[in-house]
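Visitor: sequence and computational prediction follow.
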Amino acid sequence: MPPSTPVKRKRGEGQWKLGHREPLNPNERTKKDDNGLNVRARIENTYAKRGFDSIDPADLRGRMRWWGLYTQRRPGIEGGRTAVLEPEELDDRYFMLRVRLDGGALTTEQLRALGEISQTYARDTADITDRQNIQYHWIEIESMPAIWKRLESLGMITTEACGDTPRVILGSPVAGISSDEVLDPRPAIDTILERYIGNPAFSNLPRKFKTAISWQQDIAHEVNDISFIGVEHPEHGPGFDLWVGGGLSTNPKIAQRLGTWVPLDEVPDVWEGVISIFRDYGYRRLRHRARIKFLVADWGVEKFRQVLEDEYLGRKLIDGPAPATPERPIDHVGVHKQKDGRNYIGVAPASGRVSGTTLVELADVVEAAGSGRVRLTPQQKIVVLDVPDRKVAWLVGEMNKLGLQAEPSPWRRSTMACTGIEFCKLAIVETKERAIRLVEDLEKRLADITPDAPISIHLNGCPNACARTQVADIGLKGQIVTDADGEQVEGFQVHLGGGLGLDAGFGRKLRGLKVTSAELGDYVERVVRRFVEQRTDGERFAQWVLRADEDSLK
């Protein structure tokens, strides 16, 4: 008889719950050697006193992220060299620092402090990210004890702003004051922060874990690891619909509904159950498959819900309806009435780029208008709360002087950009300044066009989609391209027709559709004018892209 064929064992994916505890890659070994939360003591007691050269490489390029610190890109390194250089060749001696601001909520006192920290320690840099963080640059390790002391004295933290951890929780910038809100989710956000952020039980995840909680659909819930979105149950009343497994980057996936209705007071427990599944069953062998979206895709929502109920909650969840999808994106720009009769005003910085000086001056004018609260948005915008009627026009004018427009052009309103090559070690092209110049260019080129719904333009410096390029009307992914003279220059691969809400899905990528940075204004003007010429009544940009011929999109 022929010899029997040996049974090939399926390779383990590094899932703790299945007994795969041995680290399978350098990142997992680093986390096993020492919890990232422990690096703070070394920063304060050793690195801040002895300087940059004293930092252990495993802390420098790994554990420091648990406290919001990344080394920034050394100046002068061209984008074409990003992928070929070693980490130590890309590192500068300065850091990017993220301050996590869950729900984007700030008092004017906190806002002023953020600005003063920027002026003192960060060369006046401050960017509003699409995670509702403030991100600084040029931070020296010696400054961190003083920065933490100032932040924490006012209730702000950098704990788990980065790393394989539960990152900042996105929340509606108008939670608690919107006339459209039935149930304020802030108590759930506060409870999660108190119970779980900085808790060693959840500080070693397979990779990052992004959360979004809002009654309204204003937090890009379709592309987060876990989201709770407001919904009315016909029997149980207002609560939250649970979504899991969203994410972008090189393998994008839209989150899926678990079909459950979760009351407000149970949101933290359900959140703990989902993140525990990720910790215990998440794939740790391959870094590029370590997000929860891959587990959800492999298991399916039925199994995921069953494991959540049976192994982590010990009870069945209530079935619930899907929330209605809004007809257009919600960004809160402009002047709006609050439920108490006062006003909130949403303003648009240029692609999220502000400065410490701007933040200090904004705090001053907001207080002069009689308000003490500001919030940041997941669209890189700022919302000022509690403005009395008599101060609205004055405050709008004062913020406009600061470059914060309450009535921005559609191009300024709907353009976002990631950090880009200026500071990011992963980037290939410039994005922030490019986006600012593009908006100024489009405001002149397209002054005659006012779309009835903004056409979103998102610029990203690499494939990781930090600026959500894959769900933009016009998504621009940075890469080195060949220009008309055969030269290698900065440019973008174009994705068209992505979106959230009614158009939830990823942009159409046309083979060979790439533009140089220098040609960007020409290209965007061309495709927008074709859309205006060809659209049917009420047709959205994403709908037009789906039916347009390729020549119209080039």
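Guide: Thanks, I have the structure now. Since the structure is predicted, the reported quantities are computational estimates derived from the model, not experimental observations. Numbers count the residues shown, from 1 in each chain.

Visitor: next secondary structure after whichever strand or helix holds Lys32?
Guide: For Lys32, the host element (DSSP states H and E) is helix 26-33. Later in the chain than helix 26-33, the nearest helix or strand by DSSP H and E is helix 39-42.

Visitor: strands of the stretch 451-554 of the chain, start to end?
Guide: 457-460, 474-482, 488-496, 508-516 (DSSP state E, counting those that start in this stretch).

Visitor: most neighbours per residue, which of the ones you listed?
Guide: Most buried of the strands of the stretch 451-554 of the chain by mean neighbour count (mean count of other Cβ atoms under 10 Å) is strand 457-460; its value is a mean of 28. C-beta here means a position set from N, CA and C on the backbone, and glycine is covered the same way.

Visitor: so which of the strands of the stretch 451-554 of the chain is nearest Thr211?
Guide: Between Thr211 and the strands of the stretch 451-554 of the chain, the shortest gap by Cβ to Cβ is with strand 457-460, which sits at 21.3 Å.

Visitor: what is the closest one packed up against?
Guide: Packing partners of strand 457-460 (3 or more Cβ pairs under 8 Å, 6 or more residues apart in numbering; DSSP states H and E): strand 415-417, helix 432-445, strand 474-482.

Visitor: could you dump the ones you listed to JSON lines with distance to His221 and mean pLDDT?
Guide: Below are the helices and strands packed on strand 457-460 laid out as JSON lines (distance: least, Cβ to Cβ, whole Å; pLDDT from 0 to 100):
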{"stretch": "strand 415-417", "distance to His221": "17", "mean pLDDT": "97"}
{"stretch": "helix 432-445", "distance to His221": "24", "mean pLDDT": "97"}
{"stretch": "strand 474-482", "distance to His221": "19", "mean pLDDT": "96"}
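
Visitor: for those, give me JSON lines that also has distance to Asp127.
Guide: Shown next, in JSON lines, are the helices and strands packed on strand 457-460 (distance: least, Cβ to Cβ, whole Å):
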{"stretch": "strand 415-417", "distance to Asp127": "9"}
{"stretch": "helix 432-445", "distance to Asp127": "7"}
{"stretch": "strand 474-482", "distance to Asp127": "17"}
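
Visitor: list phi and psi for Gly259.
Guide: Phi and psi for Gly259, reported as degrees, to the nearest 10, are phi 80, psi 30.

Visitor: number of nearby residues for it?
Guide: Counted with other Cβ atoms under 10 Å, the neighbours of Gly259 add up to 16.

Visitor: from Gly397, how far out is the closest residue to it other than its chain neighbours?
Guide: Once flanking residues are discounted, Gly259 sits nearest to Asp319: 5.9 Å by Cβ to Cβ, 6 or more residues apart in numbering. For Asp319, the distance to Gly397 (Cβ to Cβ, to the nearest Å) stands at 51 Å.

Visitor: dump the residue contacts of the residue nearest to the spatial centre of the chain.
Guide: Most central in the chain under Cα atoms, centre = their mean is Arg131, positioned 3.5 Å from the mean C-alpha point. With contact taken as Cβ atoms under 8 Å, 6 or more residues apart in numbering, Arg131 is in contact with Arg167, Val168, Leu170, Lys210, Pro378.

Visitor: which of those residues count as buried?
Guide: Burial by neighbour count, 16 or more other Cβ atoms under 10 Å: within the contacts of Arg131 this picks out Arg167, Val168, Leu170, Lys210, Pro378.

Visitor: pick out the most distant pair among the residues you listed.
Guide: Top of the distance list for the buried ones among the contacts of Arg131 (Cβ to Cβ): Arg167 and Pro378, 12.5 Å.

Visitor: near Gly237, how many other residues are there?
Guide: 11.

Visitor: mean confidence for whichever strand or helix holds Lys303?
Guide: Per DSSP H and E: Lys303 is located in helix 301-307. The average pLDDT for helix 301-307 rounds to 98.

Visitor: and if you look at stretch 60-75?
Guide: 97.

Visitor: now it: buried residues?
Guide: 60-73.

Visitor: over to stretch 193-209?
Guide: In terms of neighbour count (16+ other Cβ under 10 Å), stretch 193-209 has its buried residues at Leu193, Tyr196, Ile197, Gly198, Phe202, Ser203, Asn204, Leu205, Pro206, Arg207, Lys208, Phe209.

Visitor: how about stretch 354-372?
Guide: Applying 16+ other Cβ under 10 Å to stretch 354-372 flags 354-356, 358-366, 369, 371-372 as buried.

Visitor: same deal with stretch 392-409?
Guide: Neighbour-count burial for stretch 392-409 flags Val392, Leu395, Val396, Glu398, Met399, Leu402, Leu404, Gln405, Ala406, Pro408, Ser409 (criterion: 16+ other Cβ under 10 Å).

Visitor: what sits against the nearest residue to the third one once chain neighbours are set aside?
Guide: With sequence-adjacent residues excluded and distances taken as Cβ to Cβ, 6+ apart, Val396 is closest to Ala406, at 4.7 Å. For Ala406, the set of contacting residues under the criterion of Cβ under 8 Å, 6+ apart consists of Val333, Gly334, Val335, Ile345, Gly346, Val347, Ala348, Val396, Met399, Asn400.

Visitor: Ala406 and Asp452, how far apart?
Guide: Counting by Cβ to Cβ, the separation of Ala406 from Asp452 is 19 Å.

Visitor: before we move on, the earlier item: so which of the contacts of Ala406 belong to strands?
Guide: Secondary structure assignment by DSSP state E places Gly334, Val335, Ile345, Gly346, Val347 of the contacts of Ala406 in strands.

Visitor: just to revisit the earlier point, can you pull the pLDDT of the residue nearest to Gly259?
Guide: Asp319 carries a pLDDT score of 98 in this model.

Visitor: test my guess that it contacts Leu258.
Guide: No. With contact defined as Cβ atoms under 8 Å, Asp319 does not count as touching Leu258 (9.7 Å).

Visitor: more crowded one of the two?
Guide: Relative neighbour count places Leu258 above the other of Asp319 and Leu258, with 24 against 10, counting by other Cβ under 10 Å.

Visitor: A helix includes that one, no?
Guide: No. Leu258 sits outside any helix when classified using DSSP: H, G, I helix; E, B strand; the rest coil, being strand.

Visitor: quick check: it vs Asp386, distance?
Guide: Distance from Leu258 to Asp386, by Cβ to Cβ: 36 Å.

Visitor: go on, Gly245?
Guide: From Gly245 to Asp386 the distance is 37 Å (Cβ to Cβ).

Visitor: same question for Gly237.
Guide: 28 Å.

Visitor: between Gly245 and Asp386, which is the more surrounded one?
Guide: Using other Cβ under 10 Å, the more surrounded residue of Gly245 and Asp386 is Gly245, with 26 against 18.

Visitor: wait, the more buried one sits on Ile292?
Guide: Yes. Gly245 lies in contact with Ile292 (Cβ under 8 Å); the separation is 5.8 Å.

Visitor: so what sits against both of those two?
Guide: Asp225.

Visitor: sorry, back to before: can you verify the residue nearest to the centre of the chain is assigned to a strand?
Guide: No. Read with three-state DSSP, Arg131 is coil and lies in no strand.
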